[in-house]
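K.L.:
coordinates only, sequence not included:
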Ligand code: BES
Ligand code: MN
Ligand code: MN
């Protein structure tokens, strides 16, 4: 392969950084309707940038929600086609007070760029746009055919993407998908993610009376919905951290002995990364099994009662909790929801009524570690980051991965270039700039290696 594109990318680092800053300045928060114009602005920015790079057939595709951006370059005759996926939407920014600099005013400190979306996923996504730009500028061509599919609804469950993929399977049918939306172990130790967890997001509401009540008048005779709620939630785990929903683990694909050994050897820095007091959870599984191959149940928030200044002796009429479950292969989100509903019905006392509302859902995914796309990714990682990757299953979810597998039957290479402590979804999200530059290089190398291999 010619090194011209890599040289070009390295010589244009400052330009690519400045462009990334422009993209990061657009507050493309998909969850908040006040940002709909910003979503359109971000889609337009990306479409224009793809066009400038020499990508053809660039289109902003409206959906029932936020638009998709599509573009392709199909002049590598006889070469394979790579589908590059990324998402330009970001998570909400609150608590805003905890940001050291404003989330949509990208700021560089100590080799990191700080901004919402810096690593998840605008920065990682832009590395591929920069890679293609460098190749087309330096060589006037790409070693593979490329199709970009960049969406604006990943952080809200990719609700409208399934319809688009199902309706455009011929267009999107490619040899493999390439996604950078996960993290590696350190700047010199890449990590090839070969699995992602799925999830279901739920809300549980408990109601005991028609109105709020004085706790002296009614305490002891009307069931406090907050008490009922915490009793229900306390029954979700046993002391070992094992989820108690009947049937929850029935379909869980067991980890093979080989995978178990491999996971046991992987480093983890969870205590350092989080400042947690001690590790918790299913003792019979190692840390990477627990985060990658075991399903979990989480409470994200409990809302109810009085939490303002001073005291208020009230029994609120209702209480609710925001919940989610991370799923693993081969759990079916719908079946897990039914199991949860049945368990809640079973453990709810007859003094209260409950209502369960469901939100986003996505099944887990697993890719074949020996697929040519993963082999090409491993080599690209090694040549760009200095070491061959370790392999692990990731705990997070990217709903599109299973959609690509199901509708297009293609392998997915998860070539993440973030770091675990990049603060994704949290205040002071950041992206390590050397990873950005090495990621551009890895993208260029991936396409060359994949083309040569096929
Ligand atoms: N990029 C993340 C997923 C991720 C995080 C993969 C860490 C690997 C390591 C993605 O943007 C994300 O946050 N997904 C959501 C799912 C969505 C349906 C809300 C998630 O995992 O909570
Ligand atoms: Mn992401
Ligand atoms: Mn995310």
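P.N.:
It's in. Since the model is a prediction, treat every value here as computed from it, not as a measurement. Numbering: from 1, shown residues only. Ligands and ions are numbered 1, 2, ... in the order given.
K.L.:
in the stretch 1-150 of the chain, which spans are strands?
P.N.:
Using DSSP state E, counting those that start in this stretch, the strands found in the stretch 1-150 of the chain span residues 56-61, 68-73, 81-87, 107-109, 112-114, 145-151.
K.L.:
Throw these into a markdown table and include mean pLDDT and mean neighbour count, thanks.
P.N.:
C-betas here are computed from N, CA, C, even on glycine. Shown next, in a markdown table, are these (pLDDT from 0 to 100; neighbours: other Cβ atoms under 10 Å):
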| stretch | mean pLDDT | mean neighbour count |
| --- | --- | --- |
| strand 56-61 | 98 | 15 |
| strand 68-73 | 98 | 23 |
| strand 81-87 | 98 | 25 |
| strand 107-109 | 98 | 14 |
| strand 112-114 | 99 | 22 |
| strand 145-151 | 98 | 25 |
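K.L.:
what's the closest of these to ligand 2?
P.N.:
Comparing the strands of the stretch 1-150 of the chain against ligand 2 with Cβ to the ion, the closest turns out to be strand 81-87 (5.7 Å).
K.L.:
Got the confidence number for the residue located most distally from the centre of the chain?
P.N.:
Distance from the C-alpha centroid of the chain, by Cα atoms, centre = their mean, peaks at residue 217 (48.2 Å). At residue 217, the pLDDT value in this model is 97.
K.L.:
do residue 360 as well
P.N.:
At residue 360 the predicted local distance difference test score is 87.
K.L.:
Leaving aside the residues adjacent along the chain, what's closest to the residue of the stretch 51-200 of the chain at minimum distance from ligand 1?
P.N.:
Using Cβ to the nearest ligand atom, the single residue of the stretch 51-200 of the chain nearest to ligand 1 is residue 182, 3.6 Å away. Setting aside the residues directly before and after it, residue 182 is nearest to residue 416 in space (Cβ to Cβ, 6 or more residues apart in numbering), at 3.1 Å.
K.L.:
I'd assumed residue 124 was in contact with the one you found.
P.N.:
Yes - with contact defined as Cβ atoms under 8 Å, residue 416 reaches residue 124; the gap is 6.9 Å.
K.L.:
Can you pull the residues that touch both of those two?
P.N.:
When contacts are counted by Cβ atoms under 8 Å, 6 or more residues apart in numbering, the set common to residue 416 and residue 124 consists of 180-181.
K.L.:
More neighbours: which of these two?
P.N.:
In this comparison of residue 416 against residue 124, neighbours counted by other Cβ atoms under 10 Å, the higher total goes to residue 124 at 28 against 24.
K.L.:
For the residue nearest to that one when sequence neighbours are not counted, give me the pLDDT.
P.N.:
If the residues on either side of it in the chain are set aside, residue 124 comes closest to residue 180, at 4.0 Å by Cβ to Cβ, 6+ apart. The predicted structure scores residue 180 at 98 on the pLDDT scale.
K.L.:
what do you get for residue 353?
P.N.:
On the pLDDT scale, residue 353 is placed at 98.
K.L.:
For beta bridges, what are the partners of it?
P.N.:
Taking DSSP bridges, one obtains residue 207 as the residues bridged to residue 353.
K.L.:
and residue 378, which of the three is it?
P.N.:
In terms of secondary structure, residue 378 is helix; the call rests on DSSP: H, G, I helix; E, B strand; the rest coil.
K.L.:
all helices of the stretch 51-200 of the chain, in order?
P.N.:
122-139, 161-167, 169-172 (DSSP state H, counting those that start in this stretch).
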